[in-house]
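# Model the following, please.
(2 chains)
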There are 2 protein chains.
Amino acid sequence: MEKKVSGSVINRLPRYYRHLTDLCDSGIERISSKELSRRMGVTASQIRQDLNCFGGFGQQGYGYNVEFLRTEIANILGLNRGYTAVMVGAGHMGRTFATNTKFESRGFKLIGIFDSDPAVVGTEIHGIKVSAYSEIGEFIKANKPKMAILTIPKDATKKVAEELIGMGITAFMNFSYTELAEKEGIIVENVHLSDSLMRLSYKISDKDDTADKERGVEL
Amino acid sequence: MEKKVSGSVINRLPRYYRHLTDLCDSGIERISSKELSRRMGVTASQIRQDLNCFGGFGQQGYGYNVEFLRTEIANILGLNRGYTAVMVGAGHMGRTFATNTKFESRGFKLIGIFDSDPAVVGTEIHGIKVSAYSEIGEFIKANKPKMAILTIPKDATKKVAEELIGMGITAFMNFSYTELAEKEGIIVENVHLSDSLMRLSYKISDKDDTADKERGVEL
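Residues are numbered from 1 along each chain as shown, chains lettered A, B, ... in the order given. Below is the predicted model of the structure:
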């Protein structure tokens, strides 16, 4: 893949990947951009534009080959590279995420879970035994995971991230209700669940205002 | 607020709001776009462009009044409208989200939690007693919540959403690892945690390829 794909297309690729996976799972072999558009709630022309970056899988009168397109998107996202990850924090968030996520089809194998609370060390999450956080340095040295998932309290986040960077971790998925800044050579995805709440709040209030306007209410 | 704000600016507003809230909490009263830019890791010109939509709070040589700008963004997001929400699903995800989220500063008051599992009905989450799902119709009729948070298994999502729409719910935050389609009059925010995993996978593989290229490795 030589061609550079734009950031906004990259941001949309996981969604295409999920939809194409659902189609594969339902045994659907090909799909028109019109039907894919209906399922995804975006315009067919947006889909054609996005997927044109990856060459001509879409054929006039045939549509897209679902499995082929899905594999191509997986390749672009690097989902088949066998990356490994550790998780720090075995509280509710860690447990939920570790239990419900199909890591391996999303690019990562979860190979270790760590926590500093003796009450959870030794318990098992989705087949992985929680280890003491004090052992993570040895583990990273031996197993060289590509990424760390932080499901720890806000106050501990910066300190733990610095420690892990010192141990060689260069990518983070951070759930910790605080932002971890990207810096030279370090990749960060901050997950802010409450941003979705705020976007909902905006959409609801925008809809309410529009309804008020239509009824002639002074704003 | 008459002026229409673009969708991409709206998507960025929650992040501004979080950063401005942190600044307020640290007692900082004003900030230059340069300093805000450094903290947020975006260009100062992007910030000026985004915030110009809301009129001239940014003054040459003064910067932004933090509290004023924060309040203005809160107003645009509708965070002060006193919307209410119910949650369906009191498993790990529901518990985590209900416990860790500052609902009221994110636009919503959580007023009820429901589950169909007798083992969790009656337990308490963050001061709210979990009720039987069979009672949700009465509750909605009496309390008219604006929004429902779905933290239930994938297979139950569509059915529950349809039932709640029948009871008058018109907005959803859906955590359920499946997409709920937006339809006429219904507002949906689907939260896909594993999309962040895939974006990380892309960023890591993109960085690896670049490093390989710089070392002259054939791809």
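# Could you check the one helix or strand in chain A whose mean pLDDT sits lowest and say which residues are buried?
One helix or strand of chain A scores below all others by mean pLDDT, DSSP states H and E: helix A:44-52, with a mean of 84. Neighbour-count burial for helix A:44-52 flags A:Ile47, A:Asp50, A:Leu51 (criterion: 16 or more other C-beta atoms under 10 Å in any protein chain shown). Every C-beta, even on glycine, is put in place using the N, C-alpha and C of the backbone.
# In CSV: these, plus distance to B:Glu29.
Output for those, formatted as CSV (distance: C-beta to C-beta, whole Å):
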residue, distance to B:Glu29
A:Ile47, 47
A:Asp50, 44
A:Leu51, 49
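# still on that earlier bit, quick one: contacts of the least confident helix or strand of chain A?
Helix A:44-52 is touched from outside by A:Val9, A:Arg12, A:Tyr16, A:Ser33, A:Lys34, A:Leu36, A:Ser37, A:Met40, A:Phe57, A:Gly58, A:Tyr64, A:Leu69, with contacts defined as C-beta atoms under 8 Å, 6 or more residues apart in numbering or on different chains.
# Spatially, which two of these are the most separated?
Pairwise distances across the contacts of helix A:44-52 peak at 20.0 Å for A:Val9 and A:Lys34 (criterion: C-beta to C-beta).
# Where does pLDDT dip in chain A?
Applying pLDDT under 70 to chain A flags the ranges A:1-4, A:53-61, A:218-219.
# Which stretches in it count as helices?
Per DSSP state H, chain A carries helices over the ranges A:7-25, A:33-40, A:44-52, A:66-77, A:92-100, A:136-143, A:154-166, A:193-214.
# The least confident helix or strand of chain A vs helix A:7-25, what angle?
100 degrees (axes from the mean of the first three to the mean of the last three C-alpha atoms, to 10 degrees).
# List the buried residues for the longest strand anywhere in chain A?
Longest among the strand segments of chain A by residue count, using DSSP state E, is strand A:108-115. Using 16+ other C-beta under 10 Å as the burial criterion, the residues of strand A:108-115 that qualify are A:Phe108, A:Leu110, A:Gly112, A:Ile113, A:Phe114, A:Asp115.
# count of residues packed around the closest residue to A:Val66 other than its chain neighbours?
Distance criterion C-beta to C-beta, 6 or more residues apart in numbering or on different chains; nearest residue to A:Val66, sequence neighbours excluded, is A:Leu23 at 4.8 Å. A:Leu23 is flanked by 21 other residues according to other C-beta atoms under 10 Å in any protein chain shown.
# Tell me how chain A divides into domains.
A:7-76, A:83-194 (automatic domain parsing).
# which of those domains sits most buried?
The highest mean neighbour count among those, using mean count of other C-beta atoms under 10 Å in any protein chain shown, belongs to domain A:83-194: a mean of 18.
# ok so, going back, the residue nearest to A:Val66 and chain B, how far apart?
Separation of A:Leu23 from chain B (C-beta to the nearest C-beta, to the nearest Å) stands at 13 Å.
# you'd agree that residue is up against A:Phe68?
No - the pair A:Leu23 / A:Phe68 is not scored as a contact, 11.9 Å apart, by C-beta atoms under 8 Å.
# partners of the closest residue to A:Ser32 other than its chain neighbours in the sheet?
Among residues not flanking A:Ser32 along the chain, A:Gly63 sits closest, at 3.9 Å (C-beta to C-beta, 6+ apart). Beta bridges link A:Gly63 to A:Gln59, judged by DSSP bridges.
# Can you name the residues that contact A:Gly63?
Neighbouring residues of A:Gly63 by C-beta under 8 Å, 6+ apart: A:Arg30, A:Ile31, A:Ser32, A:Ser33, A:Glu35, A:Leu36.
# Could you rerun that using 6 Å?
With contacts taken as C-beta atoms under 6 Å, 6 or more residues apart in numbering or on different chains, A:Gly63 has the following neighbours: A:Arg30, A:Ile31, A:Ser32.
# Many thanks, have a good one.
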